[in-house]
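Engineer: sequence and predicted structure are below.
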Amino acid sequence: MKKLQLSRRTVLRGAGSIAIALPWLEAMGTGRVAHASDVARRFVTVYTPGGSLIDNGAGENRWRPTGSETEFTLSPILAPLEPIRDKLLVVDGLSMYSAVGEQHQAGMIAWLTGTRQGQSGSYAGGPSLDQVIASRIGAGTPQRSLQMAVRWGTGHSNGLLHPINAANYEDNATFAPIPPRLDPQAIFTSLFGALDPSNDEEITARIARKQSILDLVDRRYDRLAQRLGAGDRQKIEQHLTKIRELEESLGKIIVGSEVCREPDWLDTTGYDPGTGSVLDVSTDELIPAVGKFMMDMLVMALACDVTRVASFQWSDTEAKHTFPWLGLNQHHHYYQHDGGFRPAECEQIAIWYSEQHAYLLQELDAVDLGDHTLLDESVVFFGSELAQPPTHSKDNMPFLLAGGGGGLRGGRFLRNADLADRSHNNLLVSIANLFGDDRQVFGDPEYCSGPLAGLT
């Protein structure tokens, strides 16, 4: 008799759309593999502001590792990632040629879109990579993609969406910017309010309350749209579409399992997600705790298949919040530019961000899917809007990839010395290819010559 072989994604389907995941079975195979699939299944982008210390002012590169592709030593800034280095790919030598426009804004726009900033300080000229991938792998999930940020909108954007803080752009004809979600409590409820480990009546009631609120908002938007011009009606319709997507997601019950569980809740009293550019030291003090809470929610959102694409922003390109937990009472932009270049403080901040990256990757790697981990089937892309703080240079960008999705090979330091291949648009193409998208150009064709070799 032929031995039964089950897919690791086998589920028991009940009435309607209810699906219950099975535990790991011998029939699903044995043995952990480093690379889980030929096509990546999860995509995460992580933004940190201000680049890194490609040159600390004394001719020392504090970000780039030393050594060969497979035999290398992580730099002081990247040293916190040592425990996860076998699933880390350090990508060096790429430049963000498509970052044409205002210094910070153009870099923020180009990072995931590979397009130049539009005229008069406008937004991107194309979709962001995360949204293109979400169009490919996000169907059927409660949330097609998830965008979150900690202490966002701190500069002259005054807490509002602006080219200086927008990283994500719709994959449609409008390329509309997508604001990140800021309130950790609202995020927790929307992500896990439909998690049903015990058919809890309170959860059902909570969903019903949210449903009624969304219905009211929908009706108010409809009435307002009738009084507006064509351009504003289009914007209102985009808002309505988002509301309807959220409304539809509320009715989808997520079945808990050993892998999918509600993350530990955190009381974030004292953290004001709407602070924006206002100096708020009490909110700043909670950034590490809130950031960890949000990363925990991101990991579980992926593990529960609430979403397959997530974007996380540590602040925005100005990052005008303080760092009391590091003993730094000035904002990040002060140490980069406003107070003159302060390499010691910038390095201290960059190391802290690397510690947060290590935490996120280790949590993804701790989700055991039987023959591999959640990280093994994912691609995580870390980036910034510039490379060198005092000059706003965008050469030799500090890019990191992690995971094993699509055959991505970690444990390597990939240097790109060939000037013909140095555009970061080529990296965007290669990441798209990991998800089964066979396109050869991403973003502005002027800055893209094809996929970057060496990721797999």
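Structural biologist: It's in. Numbering: from 1, shown residues only.

Engineer: shaky segments in the stretch 201-350 of the chain?
Structural biologist: For the stretch 201-350 of the chain, applying pLDDT under 70 flags the ranges 201-225, 234-256.

Engineer: quick check: the closest residue to residue 82 other than its chain neighbours vs residue 263, distance?
Structural biologist: Excluding the flanking residues, the one nearest residue 82 by Cβ to Cβ, 6 or more residues apart in numbering is residue 74, at 5.8 Å. All C-beta atoms are positioned from the backbone trio N, CA, C, and that covers glycine. From residue 74 across to residue 263, the span is 29 Å (Cβ to Cβ, to the nearest Å).

Engineer: touching, the residue nearest to residue 82 and residue 81? I think so.
Structural biologist: Yes - using Cβ atoms under 8 Å, residue 74 is in contact with residue 81, at 6.3 Å.

Engineer: which parts of stretch 337-350 are buried?
Structural biologist: Using 16 or more other Cβ atoms under 10 Å as the test for burial, stretch 337-350 gives 337, 341, 342, 343, 345, 346, 347, 348, 349, 350.

Engineer: tell me the contacts of the last one?
Structural biologist: Meaning residue 350. 48, 50, 52, 53, 62, 63, 77 (Cβ atoms under 8 Å, 6 or more residues apart in numbering).

Engineer: I figured the third one hits residue 76, correct?
Structural biologist: No - shown here, residue 52 and residue 76 do not form a contact pair, counting by Cβ under 8 Å, at 10.7 Å.

Engineer: who has more neighbours out of these two?
Structural biologist: residue 52 (27 against 16; other Cβ atoms under 10 Å).

Engineer: okay, the more buried one: pLDDT?
Structural biologist: Looking at residue 52, its pLDDT is 82.

Engineer: next, it: phi, psi?
Structural biologist: The phi/psi pair for residue 52 (degrees, to the nearest 10) reads phi -160, psi -180.

Engineer: identify the residues contacting the most centrally placed residue in the chain.
Structural biologist: Nearest to the mean C-alpha position of the chain, counting by Cα atoms, centre = their mean, stands residue 311 at 2.2 Å. Residue 311 makes contact with 44, 45, 46, 47, 130, 145, 146, 147, 148, 167, 168, 180, according to Cβ under 8 Å, 6+ apart.

Engineer: residue 233 sits in which helix or strand?
Structural biologist: helix 230-250 (DSSP states H and E).

Engineer: need the next SSE after that helix, C-terminal direction.
Structural biologist: Using DSSP H and E, the helix or strand that follows helix 230-250 towards the C-terminus is helix 281-285.

Engineer: now that next one, how far from the chain's geometric center?
Structural biologist: Taking Cα atoms, centre = their mean, to the nearest Å, one finds helix 281-285 lying 23 Å from the centre of the chain it belongs to.

Engineer: which residues touch the helix or strand following that helix?
Structural biologist: Using DSSP H and E, the helix or strand that follows helix 281-285 in sequence is helix 287-303. The contact list for helix 287-303, computed with Cβ under 8 Å, 6+ apart, reads 42, 44, 143, 146, 148, 150-151, 184, 187-188, 191-192, 259-264, 266, 268, 271, 306-308, 310, 312, 314, 321, 323, 325, 356, 359-360, 363-364, 367, 374, 378.
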